[in-house]
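1. quick one: sequence plus predicted model below, questions after.
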Amino acid sequence: MQFLMAITLRLKHLSRSHILCLLLGSLLSFQAVGQSEMQLIVRKKIKTPSAVSVDRNADFYIADSQGNIDRYDKDGTFLINYSPEKIGAVTSLETWSAMRIFAFYQDFQEYQELNRFLTPTTRGTFDNDALNFISVGTPSADNQLWLVDESDLSLKKYHPQKRTVSIETPFGLMLSGNSYKINHIREYQNLLFLAEEHTGIIIFDNLGNYIKTLPAQSVKYFNFDGNKIYYLEKNAAIFTDIYTLDKDVLPLQIKAQYVLKIEKRLILFQNSSFSVFKLP
C-alpha cells in the first residue's frame, strides 16, 4: 500500500509522456518476470524431429525423417540411439511402456517394435484387405494396434497375430468440414485420444465408442501428465483435465513444434533443436 501511494504522489509531478513511459516499463517488467519463471537448463542441436515421445521412466525420445530414434534423460543427456536399416520418417512414436517401443512408418505402411535397449524385436505390415492406407497408429493395452485408415476415414483396432480387424468405427459426423487431418493417436487410462487438425481432440472408450471432443485448433501432438492432457496452441502449452475439463495455460518463451512435460521439466522441440526448462 505504501508503495502504491508513493507511485501516486510521483505521478502527480510527471507529464503525460513520462507517465506512459513508466507504465510501459512496468508492463515489460511484469512480462519479463512471467517469462523468467521457467529456467533454461540446456539447449541442444538435433535433426528435424518427425515424432517425439516419453516413457514411464522419465526418458524422452526423438525420431527423425531418416528413421533414427534417440533417447535422452529428462535433463537432456543423450543415452542411446537406434539407426534403422531401412531409411524412412517415423510418423508415430509411442514409448510409454519403455519395454515395447512402437514406431510407425506411414510411407512404408510398416511398424517397428524395439525393446528397452532400442534393439528391433518385430517389424510388421498390415496384410489385411480391410486396411488400405494407415496414417497414424499406436499400441493398445491388450497388445493390439489402434489405427486410423484414411481410405475410408475410420478408426480400426488391428490384431497383428491374427491379422484381423476386431473393432471398426467410422468417424462420420465426428469431424467437421470437408478436409480432415489426423495428426496423433494414443491410448491412455482405458481411453483413446485422437488429434484432428480442425476439430480438436476426439475421445473414445477402449471399445472404440465415441465419448466427446475437446475443442482445439491445429493440435499436432499431445501427451499426458496425470489426469491432464497437454498440447501446444497459439504459442502456449495447454493443460486440460480429461475428466473435469479444467484448463491451465502456460505461455511459452519460444515457438515450438512439440512439447513434453516430464516431472518438473518442460521440453520444447523446434526445427533443429530442443530446449529443457525447469518449471517453478
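-> Noted; the coordinates are in hand.
2. show the contacting residues for residue 171.
-> Residue 171 sits next to 153-155, 180 when contact means C-beta atoms under 8 Å, 6 or more residues apart in numbering. Glycine gets a C-beta too; all of them are placed from N, C-alpha and C.
3. got a quick ChimeraX command for the buried subset of the residues you listed?
-> One line in ChimeraX is enough to select the buried members of the contacts of residue 171, burial here meaning 16 or more other C-beta atoms under 10 Å:
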select :154,155,180
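4. and of the contacts of residue 171, the nearest to residue 209?
-> residue 155 (10.2 Å; C-beta to C-beta).
5. which strand or helix spans the closest one?
-> strand 154-159 (DSSP states H and E).
6. surely residue 214 is in contact with residue 240?
-> Yes. Using C-beta atoms under 8 Å, residue 214 is in contact with residue 240, at 6.2 Å.
7. need the overlap of contacts for the two.
-> Common contacts of residue 214 and residue 240, defined by C-beta under 8 Å, 6+ apart, comprise residue 229.
8. give me the neighbour count for the closest residue to residue 225 other than its chain neighbours.
-> Using C-beta to C-beta, 6 or more residues apart in numbering and skipping the chain neighbours, the partner closest in space to residue 225 is residue 261 (4.9 Å). Residues lying near residue 261 (other C-beta atoms under 10 Å) number 21.
9. which strands border the helix or strand where residue 261 lies, and is each parallel or antiparallel?
-> Assigning secondary structure by DSSP H and E places residue 261 in strand 258-262. With DSSP bridges as the test, strand 258-262 is paired with strand 265-269 (antiparallel).
10. send the alpha carbons of the partner strand over as CSV?
-> Only the C-alpha atoms of strand 265-269 are listed here, as CSV (Å, rounded to 0.1, in the frame of the first residue of the first chain):
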residue,chain,number,x,y,z
ARG,A,265,10.9,-30.3,-16.7
LEU,A,266,9.3,-28.9,-19.9
ILE,A,267,11.0,-29.9,-23.1
LEU,A,268,10.3,-27.8,-26.2
PHE,A,269,11.2,-29.0,-29.7
